[in-house]
Every structure is written in C-alpha cells, then in structure tokens.
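Trainee: Just need the structure, nothing else, for what follows:
(one chain, ligands or ions: 2)
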Amino acid sequence: MKLAPSILSADFANLERDIKLVERGGADYIHIDVMDGHFVPNITFGPNVVSAIRPITKLTLDCHLMIENPENYINDFAKAGADIISVHVESTRHIHRTLQMIRNAGVKPGVVINPGTPVAAIEPILNDVDLVLVMTVNPGFGGQSFIPETLDKIRQLEQLKKDNGYHYEIEVDGGINEKTIQLCHDAGASVFVAGSYIYSADAPLKRMDQLKEAVQ
Ligand SMILES: O=C(CO)[C@@H](O)[C@H](O)COP(=O)(O)O
Ligand SMILES: [Fe+2]
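Mentor: Ligands and ions are numbered 1, 2, ... in the order given. Got it, this is the predicted structure:
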C-alpha cells in the first residue's frame, strides 16, 4: 500500500514543515490538489507551488488536476516537476490526447472519475494510464464524508486490471480514515490519499501509522 497525504489540509504558511512531517511518517506520494474555481468551486495551487515544493522533497509529486481544459497546463506542471499528473475525464473533451501529452512530457498519466461517473467512461483509455483515481467524495474540498457507492467502481477496476493485464495503480481520494481505508483496500485500491485525517489531527504521524495498520 502507498500513502499519499494531501497538502490541501496542511498549513499553507508552513508547507515545507508539513511536507517534511509526512515524509518522516513514511509517506509515499505528496498529493497536490490543483483547483481552478471552475471545474470545482474552490481555488488552490498552480504550477508555481509545485515548482516551489519540488526541491524540498524527493517523494513522488502526485498532482490531481481539478481544472477545466487541463490540456492547456500539462507542460507547465511537467516543467514544475510533477511525477504523476491526473486529469478528470469530466474536465476535457480530449481525454486520450491529454493523457498522451502527459506521457510525452515524461510524466506518468492518471485519470480521475467523480462519484457520479461510471467506470465505463474510462474503459477505452485504461491501457494508457499508470494510475486511476476513484473520487470517494465530490471534488473541491477536504473533510467530506466517504461515499460508499464508489467501492463497486474500485472492484470493477481491479477486475478489469486482472482480466486485461493493465498496469495502473488504483488510488482513492476523499473521506479516507482508518475504517474507510480498509473497505477501499479490500475492494482493490493500493494508493490512499488522506488530507484532514492526517493534517487536522493532534498527532499526524500516529494517524499515518493507524492508516497503515488498518490494511495490514
Ligand atoms: O481531491 C481532493 C478534494 O477534492 C482531496 O485530495 C482532498 O484533499 C481529500 O481530503 P480528505 O477527504 O482526506 O480530508
Ligand atoms: Fe485530491
């Protein structure tokens, strides 16, 4: 399993401190939620924040783009030092071309589906991605409750992976805590984003241990 703490719930005035903290706790990815105020009703970071973070950690920078027409910004995020760029299938008319752009920029491509989007919407491109991110809340904010109906999509993606020999990791994002992580793990997910569960706690490292223990 891999843990991907989301810095959406970190202290933005102390990003370096909060990234080093989860690094000590055994984080695998740093999950960076990019929001544009159009695709989702919230605004966060752009490529300049990714390039500011790049020199302070060797961890994989997992950029989750919640922006309209992400194809216009792929090269900026690649140059900024992203290791994975994931784009929502709902955010572009040209998902295949956008994934190709990410791969051609030397970055691992991921695709994301909202809770209301079926797996069928991404079946034609599953062979082209290194990561499938299943949103387990509606995107836009941290601290929301897990939507259990999304578990069936994780199972479907795991089955499609086995049946077709696809190589993607299945990542889940939203409402992950010590209980929901078990449900997602049992369904087939292997990368777990957690924001508020880690960063809003008094003892973030203990929370990271609890998440790891929950799936062992
Ligand atoms: O993409 C998003 C929200 O849109 C996430 O990455 C959140 O940051 C998850 O936060 P928690 O639900 O874990 O608090
Ligand atoms: Fe996210």
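
Trainee: C-alpha from now on. contacts and neighbour counts both.
Mentor: Noted.

Trainee: mind checking how far the residue most central in space within the chain is from Ala203?
Mentor: For the chain, His64 is the residue whose C-alpha lies nearest the centre (Cα atoms, centre = their mean; 5.2 Å). Here His64 is placed at a distance of 26 Å from Ala203 (Cα to Cα, to the nearest Å).

Trainee: Repeat that for Cys63.
Mentor: Applying Cα to Cα, the value for Cys63 to Ala203 is 25 Å.

Trainee: who has more neighbours, those two?
Mentor: Cys63 (26 against 10; other Cα atoms under 10 Å).

Trainee: Okay, and the beta partners of that one?
Mentor: Counting by DSSP bridges, Cys63 forms beta bridges with Ile32, Ile85.

Trainee: if I read this right, it contacts Ile85, doesn't it?
Mentor: Yes - using Cα atoms under 8 Å, Cys63 makes contact with Ile85 at a distance of 4.9 Å.

Trainee: does Val112 count as helix, strand or coil?
Mentor: strand (DSSP: H, G, I helix; E, B strand; the rest coil).

Trainee: Any idea what it is bridged to?
Mentor: Applying DSSP bridges, one finds that Val112 bridges with His88, Leu133.

Trainee: List the contacts of it.
Mentor: Ser86, Val87, His88, Val89, Val132, Leu133, Val134, Met135 (Cα atoms under 8 Å, 6 or more residues apart in numbering).

Trainee: Scan those residues and report the most crowded one.
Mentor: Val87 (29 neighbours).

Trainee: Count the neighbours of Leu205 for me.
Mentor: Counted with other Cα under 10 Å, Leu205 comes out at 19.

Trainee: Skipping its backbone neighbours, what lies nearest it in space?
Mentor: Gly25 (5.3 Å; Cα to Cα, 6 or more residues apart in numbering).

Trainee: Could you list every helix and strand that the longest helix anywhere in the chain packs against?
Mentor: Longest helix in the chain by number of residues (criterion: DSSP state H): helix 151-164. Judged by 3 or more Cα pairs under 8 Å, 6 or more residues apart in numbering; DSSP states H and E, the packing partners of helix 151-164 are strand 169-173, helix 180-187.

Trainee: and the angle from it to strand 169-173?
Mentor: 170 degrees (axes from the mean of the first three to the mean of the last three Cα atoms, to 10 degrees).

Trainee: Please compute how far stretch 35-47 lies from its chain's middle.
Mentor: Distance of stretch 35-47 from the chain centroid (Cα atoms, centre = their mean, to the nearest Å) equals 15 Å.

Trainee: No further queries at this time; thank you.
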